[in-house]
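Trainee: just the structure for this:
(4 chains)
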2 protein chains.
Amino acid sequence: MITIGRLADYAGVTVKAVRHYHERGLLPEPGRDSSGYRRYTAEDAVQLIKIRTLAQAGVPLARIKDLLDADPDALAAAVAEIDRDVRDRIAQLRHVRDQLAQLRGGDGLFVSPEVAAHLDDLRRLGVSERQIRLERDGWILMQTASPEDAALWIAEKRELIADPEFRALYLEHDAAYDWPPSDPRLPALADRTRRWFAAHHSRSETRPVHDPAVARLAARTQPGASSPAWDRLAQLMAG
Amino acid sequence: MITIGRLADYAGVTVKAVRHYHERGLLPEPGRDSSGYRRYTAEDAVQLIKIRTLAQAGVPLARIKDLLDADPDALAAAVAEIDRDVRDRIAQLRHVRDQLAQLRGGDGLFVSPEVAAHLDDLRRLGVSERQIRLERDGWILMQTASPEDAALWIAEKRELIADPEFRALYLEHDAAYDWPPSDPRLPALADRTRRWFAAHHSRSETRPVHDPAVARLAARTQPGASSPAWDRLAQLMAG
DNA sequence: GTCGAACCCTGCCCCTGGGGCAAGGTCAAG
DNA sequence: CTTGACCTTGCCCCAGGGGCAGGGTTCGAC
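Mentor: Okay, here's the model as predicted:
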């Protein structure tokens, strides 16, 4: 005949938890001694350890209650299922660890692997972090709007970036962000860009070409997504 | 500019969770469009995925809030600690799987490994399941009362059970449970038992000898823990 | 142009698995 | 005879949302 505290210690749970299990009907209320204390038997300890084991496995108390007075076969089946569940949770936690590792570093947490690879390419080309963030955010918006289209576009874009002239234009647009709007290089850059688009447009047909301007458009709502020089550039190219 | 549903899908959380994060101040309330719908940017998606990752790692929302506007070094340190935590949880879940395996089978879940081994010995000797349950429950009560003493006693008991005469007596006591109280074998058994105890007592000194009667005593409150024959046996041995 | 499906809004109460604290009664040791 | 460690009931609190009510909106199809 042991007290609630000893029982709880033995099973590795708190006294409060034991009383909670009584309330939920998982553990029968035992008899009381002359001063009203609950007095437990070894049988209760066995039951309580079963409860603790299932509870630690994440089984809801209501289901534990059902399991405890199910027949042994049903319990064995349920335990097998619970075990599978725990195995899955372990796998999921491992995945969480991978994500935590990514949280420390790259953008892999926020965009698809292809886009992450693309951003790494840009970084290697020497593109500014500001521009890369703009690209990243643009891709996020595209992926939410239409993951399939975004997958096609990123493939196209990665081919495009293999073209040396496109790369040069991209880097110069990036650099132009900080220029004064009156900079004499702007009209030349606008002209060169237009010529490249014209030449390229004739070759690629069905889809609208995906270009930095689209990313800027998509991310337009962000603060700092444009600059006086870019605005001027857009004017020049439109005119 | 995306809606709450798209944002939630992209981050892999529910719409309800997003609103919950707004209430908790984890995610800033975005602007509304003309019909009062919340409109999100890519920035919000980045933030939300960070929140989701930390939340899946089991970090409390209040702490996530602090982490999100801590400096990068503090965040890195916190992430390292969280990762350790997740690693520990994985280890604990693996332990839970072991326990679940034991739930299917033996008594290892309820008593110390030594006692479990002892119960297996008894099973191998052909002791009845009724008696084994009685032993198990006795050991549980002893372990709750005093784990150190129980450890000493189980060591003694396992030595004792190596004695062929003790084994024979143990098995006969077990068999006697079902005898009628008038069975003529009972006085002889009582006598033999007393003689064994007398012979053994002189050798072992300091501690009271642990014997089946103690287990019966401890488990006395259990239903079916005794029988007419055992009661008669106790009388014979005491007188 | 209108209909239905699929969204969105706020607000409220509900759940699990206990923890914490109050305001007592009890027990064993020194 | 006190002191500290137990035990009792009862009540409110927490996270992290889920579910439902009772509305408004948008979008595509027909």
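Trainee: CA only for contacts and neighbour counts going forward, please
Mentor: Noted.
Trainee: what number of residues lie near A:Arg38?
Mentor: A:Arg38: 16 surrounding residues under other Cα atoms under 10 Å in any protein chain shown.
Trainee: ok, it - contacts?
Mentor: Contact analysis of A:Arg38 by Cα atoms under 8 Å, 6 or more residues apart in numbering or on different chains lists A:Thr3, A:Ile4, A:Glu29, A:Pro30, A:Gly31, A:Arg32.
Trainee: per-residue pLDDT, the residue of chain A found nearest DNA strand D?
Mentor: Of all residues in chain A, the one sitting closest to DNA strand D is A:Gly5 (3.2 Å; Cα to the nearest atom of the strand). Each residue has a pLDDT score; the one for A:Gly5 is 96.
Trainee: and it, that's in a helix?
Mentor: Yes - under DSSP: H, G, I helix; E, B strand; the rest coil, A:Gly5 falls within a helix.
Trainee: contacting residues for the closest residue to it other than its chain neighbours?
Mentor: Sequence neighbours aside, A:Val15 is the residue nearest to A:Gly5 in space, at 5.9 Å (criterion: Cα to Cα, 6 or more residues apart in numbering or on different chains). A:Val15 makes contact with A:Ile4, A:Gly5, A:Ala8, according to Cα under 8 Å, 6+ apart.
Trainee: okay if I get the residues you listed as CSV plus neighbour count and distance to B:Gly105?
Mentor: Conversion of those to CSV gives the following (neighbours: other Cα atoms under 10 Å in any protein chain shown; distance: Cα to Cα, whole Å):
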residue, neighbour count, distance to B:Gly105
A:Ile4, 19, 27
A:Gly5, 16, 28
A:Ala8, 20, 23
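Trainee: now distance to DNA strand C too, for those residues, in TSV please.
Mentor: Listed next are the contacts of A:Val15 as TSV, based on distance: Cα to the nearest atom of the strand, whole Å:
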residue	distance to DNA strand C
A:Ile4	12
A:Gly5	12
A:Ala8	11
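Trainee: before we move on, the earlier item: out of the contacts of A:Arg38, which are buried?
Mentor: Buried subset of those (neighbour count, 16 or more other Cα atoms under 10 Å in any protein chain shown): A:Thr3, A:Ile4, A:Glu29.
Trainee: the first one and A:Tyr40 touch, don't they?
Mentor: Yes - using Cα atoms under 8 Å as the test, A:Thr3 is close enough to A:Tyr40 to be in contact (6.2 Å).
Trainee: ok but A:Pro30 is inside a strand, no?
Mentor: No - assigned with three-state DSSP, A:Pro30 falls outside any strand and is coil.
Trainee: from B:Ile90, how far off is it?
Mentor: Using Cα to Cα, to the nearest Å, we find A:Pro30 at a distance of 36 Å from B:Ile90.
Trainee: A:Thr144: neighbour count?
Mentor: 22.
Trainee: sorry, wrong one. I was asking about A:Leu152.
Mentor: When neighbours are counted by other Cα under 10 Å, A:Leu152 comes out with 11.
Trainee: do the same with A:Arg192
Mentor: 15.
Trainee: got the domain ranges for chain A?
Mentor: Per automatic domain parsing, the domain ranges recorded for chain A read A:4-102, A:107-238.
Trainee: where among these is average confidence lowest?
Mentor: Among the domains of chain A, domain A:107-238 scores lowest, with a mean of 82.
Trainee: is DNA strand D within reach of that one?
Mentor: No - Domain A:107-238 lies out of reach of DNA strand D by Cα under 7 Å from any atom of the strand, never closer than 11.8 Å.
Trainee: and if you look at stretch A:90-100?
Mentor: No - residues of stretch A:90-100 are not located near DNA strand D by Cα under 7 Å from any atom of the strand, the shortest gap being 14.5 Å.
Trainee: do that stretch and chain B meet at all?
Mentor: Yes - judged by Cα under 8 Å from any Cα of the partner chain, stretch A:90-100 and chain B are in contact via A:Ile90, A:Leu93, A:Arg94, A:Val96, A:Arg97, A:Gln99, A:Leu100.
Trainee: sort out which of these are in helices and list them.
Mentor: Here DSSP state H is the test, and these give A:Ile90, A:Leu93, A:Arg94, A:Val96, A:Arg97, A:Gln99, A:Leu100 as lying in helices.
Trainee: in JSON lines, list these along with neighbour count and distance to DNA strand C.
Mentor: As requested, those are exported to JSON lines (neighbours: other Cα atoms under 10 Å in any protein chain shown; distance: Cα to the nearest atom of the strand, whole Å):
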{"residue": "A:Ile90", "neighbour count": "20", "distance to DNA strand C": "18"}
{"residue": "A:Leu93", "neighbour count": "20", "distance to DNA strand C": "19"}
{"residue": "A:Arg94", "neighbour count": "17", "distance to DNA strand C": "22"}
{"residue": "A:Val96", "neighbour count": "20", "distance to DNA strand C": "22"}
{"residue": "A:Arg97", "neighbour count": "22", "distance to DNA strand C": "24"}
{"residue": "A:Gln99", "neighbour count": "20", "distance to DNA strand C": "26"}
{"residue": "A:Leu100", "neighbour count": "23", "distance to DNA strand C": "26"}
